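Colleague: Below are the sequence and a predicted model for it; my questions follow.
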There are 2 protein chains.
Amino acid sequence: MSLTLYTSARAAAPYRVRIALNLKGIEYMPVPVDLAGSEQHKAPYRALNAQKLIPTLEGAGDPLTQSLAILEWLEETHPQPSLLPTDPRDRATVRSMAGIVACDIHPLNNLRVIRALEAMNVSPDARLTWAKRWINDGFTALEPMVAKHGRGWAFGDQPTFADCCLIPQVANSARFQVDLAPYPAITAVWEASKAHPAFHAAAYEQQPDFKPA
Amino acid sequence: MSLTLYTSARAAAPYRVRIALNLKGIEYMPVPVDLAGSEQHKAPYRALNAQKLIPTLEGAGDPLTQSLAILEWLEETHPQPSLLPTDPRDRATVRSMAGIVACDIHPLNNLRVIRALEAMNVSPDARLTWAKRWINDGFTALEPMVAKHGRGWAFGDQPTFADCCLIPQVANSARFQVDLAPYPAITAVWEASKAHPAFHAAAYEQQPDFKPA
């Protein structure tokens, strides 16, 4: 099975999937989607993903969409190394951490939302305050969870779905000038991730379509 | 194991969990959280859920948060009846449908976000347009998926996570005056759900804290 990932260098959701693919050692072909040029709204891409969002993973029948669904599919079809602990309660904690990022931080700050605020004449300052608020709300909830459960990573001593979601969100937070000082446990995981080849290869600046700001 | 669900009659995320608990025949004690009275921001509830969001499920060690994580935990600990198909590709489709609602529709329209728009002086009309836009974007992507995969429910002939997420979102969409006419497949599932005891018992108006608008 040969996999193609529709992705974009600076987008957080496909970054989650890149990390998981790399952690599991699954080869894939990255196809950059030009979000700034609205390629996601045009017919060829819309045929793959009716939401006009990334990521889409192709090569397993119908195109797969939604990053959390793709992470679960990768875990079920390529179980080793596992990105979830074995105990159901622990798995729930990891999935809760992933959900805090994927459901309650990132959807409020992605490109389509920032553009929608702009279209409502919300000022640049107010948009920045908006983005920071949701990131800080989410990180405030995540910080004690990471401090309690993490032993090098967000949960335990191996990367999990929680890290696949958290690390792109930390990378993203720099864009919104979020101060990480109140989040030492999250910051420690971020620092650890930089030295891990799977995370390094998935990072913004390693992507074929990366352009410096 | 005795379970307590922190919930609120008109909130969509705990409604997902109520449906799943009912489908699996798991008894639980509902504890209403007074969102309008900001009970979620006060110390007793914040100790349970640092995000100050609902649902929280108590009774399995540390409180469980995030509705998708709770659905997965229920599936792993109470496998029958299953709320996921067996094939990994099909499971990914169901989880993608759930993710469209839980990651890309609902987070943009919940109480904290509508209040944040209000605080930025976004007019009631513009807030309504905002809410309708994300619901219509999501339903536009979901409609062909339900039409293709549904045989009475959102995916196949038995309720899944997709229905647990979709039905509360349809209920919620009435509040934002969303026209369901473009979504006949979604509407058919909504109609079917009204006749199902697990969905009926989970509905807004069946909750102990329900108040007519």
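Modeller: Yep, that arrived. Remember, it's a predicted structure, so these values are computed and weren't measured experimentally. Residues are numbered from 1 along each chain as shown, chains lettered A, B, ... in the order given.
Colleague: Please count neighbours and contacts with C-alpha atoms only from this point.
Modeller: Fine.
Colleague: Give me the nearest residue to the residue in chain A positioned nearest to chain B, chain neighbours excluded.
Modeller: Relative to chain B, the nearest point of chain A is A:Cys103 (4.4 Å; CA to the nearest CA). Nearest non-adjacent residue to A:Cys103, counting by CA to CA, 6 or more residues apart in numbering or on different chains: B:Cys103, 4.4 Å away.
Colleague: Name the helix or strand for that neighbour, please.
Modeller: Secondary structure assignment for B:Cys103, by DSSP states H and E: helix B:88-104.
Colleague: ok, A:Gln51 - contacts?
Modeller: B:Asp137, B:Gly138, B:Thr140, B:Ala141 (CA atoms under 8 Å, 6 or more residues apart in numbering or on different chains).
Colleague: For these, which single residue is the most surrounded?
Modeller: With neighbours taken as other CA atoms under 10 Å in any protein chain shown, the top of the contacts of A:Gln51 is B:Gly138, carrying 21 neighbours.
Colleague: With chain A as the reference, measure out to that one.
Modeller: Noted for B:Gly138: a distance of 7 Å to chain A, by CA to the nearest CA, to the nearest Å.
Colleague: was I right about A:Leu64 contacting B:Val94?
Modeller: No: contact criterion CA atoms under 8 Å: A:Leu64 and B:Val94 do not qualify, at 10.6 Å.
Colleague: Among these two, which residue is more densely surrounded?
Modeller: More crowded of A:Leu64 and B:Val94, by other CA under 10 Å: B:Val94, with 25 against 22.
Colleague: Any figure for the gap between the more buried one and B:Asp87?
Modeller: 11 Å (CA to CA, to the nearest Å).
Colleague: picking up where we left off before, neighbours of the residue of chain A closest to chain B, how many?
Modeller: 27.
Colleague: correct me, but it touches B:Ile105?
Modeller: No: the criterion here is CA under 8 Å, and A:Cys103 misses it with B:Ile105 at 9.5 Å.
Colleague: Check whether the residue of chain A most remote from its centre sits in a helix, strand or coil.
Modeller: The C-alpha centroid of chain A is most remote from A:Asn121, which lies 28.0 Å away (CA atoms, centre = their mean). Of the three states, A:Asn121 takes coil under DSSP: H, G, I helix; E, B strand; the rest coil.
Colleague: Retrieve the pLDDT associated with it.
Modeller: A:Asn121 carries a pLDDT value of 92.
Colleague: Give the buried residues for the lengthiest helix in chain A.
Modeller: Longest among the helix segments of chain A by residue count, using DSSP state H, is helix A:124-149. By neighbour count on 16 or more other CA atoms under 10 Å in any protein chain shown, the buried set for helix A:124-149 is A:127-128, A:130-147, A:149.
Colleague: Chain B contacts on chain A?
Modeller: A:50-51, A:60-61, A:64-66, A:68-70, A:72-73, A:76-77, A:88-89, A:91-93, A:95-96, A:99-100, A:102-104, A:107-108, A:120, A:122, A:126, A:137-138, A:140-141 (CA under 8 Å from any CA of the partner chain).
Colleague: A:Ala11: how many residues sit nearby?
Modeller: 19.
Colleague: got it, and A:Ser2?
Modeller: Counted with other CA under 10 Å, A:Ser2 comes out at 10.
Colleague: Find the nearest non-adjacent residue to it, please.
Modeller: A:Ser2's closest residue in space is A:Gly59 (CA to CA, 6+ apart), at 5.8 Å.
Colleague: My guess is the one you found contacts A:Thr4. True?
Modeller: Yes: using CA under 8 Å, A:Gly59 makes contact with A:Thr4 at a distance of 6.4 Å.
Colleague: of these two, who's got more company?
Modeller: Between A:Gly59 and A:Thr4, A:Thr4 has the larger neighbour count (other CA under 10 Å), namely 17 against 13.
Colleague: Contacts only, for the residue lying closest to that one once chain neighbours are set aside.
Modeller: Nearest non-adjacent residue to A:Thr4, counting by CA to CA, 6+ apart: A:Met29, 4.6 Å away. Applying CA under 8 Å, 6+ apart, one finds that A:Met29 lies in contact with A:Leu3, A:Thr4, A:Leu5.
Colleague: Is the last one located within a strand, as I assumed?
Modeller: It stands for A:Leu5. Yes: per three-state DSSP, A:Leu5 lies within a strand segment.
Colleague: which residues touch it?
Modeller: A:Pro14, A:Tyr28, A:Met29, A:Pro30, A:Val31, A:Pro55, A:Thr56, A:Leu57, A:Glu58.
Colleague: wait, the fourth one sits on A:Thr4?
Modeller: What it means is A:Pro30. Yes: counting by CA under 8 Å, A:Pro30 does reach A:Thr4; the two are 5.9 Å apart.
Colleague: what about stretch A:182-192, average pLDDT?
Modeller: Stretch A:182-192 carries an average pLDDT of 98.
Colleague: Quick one: residues in contact with that stretch.
Modeller: A:139-140, A:142-144, A:146-147, A:152-154, A:167, A:170, A:180.
Colleague: Mind telling me the two of those residues farthest from one another?
Modeller: Within those, A:Thr140 and A:Gly152 form the most distant pair, 18.8 Å apart (CA to CA).
Colleague: Any stretches of chain A with poor pLDDT?
Modeller: For chain A, the stretches with pLDDT under 70 are A:1.
Colleague: mind listing the helices for it?
Modeller: Taking DSSP H to define them, one finds helices in chain A at A:12-23, A:43-48, A:67-77, A:88-99, A:111-119, A:124-149, A:161-173, A:184-194, A:197-202.
Colleague: Give me the helices and strands touching the longest one, please.
Modeller: With contacts taken as 3 or more CA pairs under 8 Å, 6 or more residues apart in numbering or on different chains; DSSP states H and E, helix A:124-149 sits against helix A:111-119, helix A:184-194.
Colleague: which one of these is the most hemmed in?
Modeller: helix A:184-194 (a mean of 18; mean count of other CA atoms under 10 Å in any protein chain shown).
Colleague: Buried subset of the contacts of A:Leu5, written for PyMOL?
Modeller: Remark: buried members of these, expressed as a PyMOL selection using 16+ other CA under 10 Å:
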select buried, chain A and resi 14+28+30+55+56+57+58
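Colleague: Tell me the one of the contacts of A:Leu5 nearest B:Glu39?
Modeller: Within those, proximity to B:Glu39 (CA to CA) peaks at A:Pro14, which comes in at 36.1 Å.
Colleague: Tell me who's in contact with that closest one.
Modeller: A:Leu5, A:Tyr6, A:Thr7, A:Ser8, A:Ile54, A:Pro55, A:Ser67.
Colleague: Good, wrapping up.
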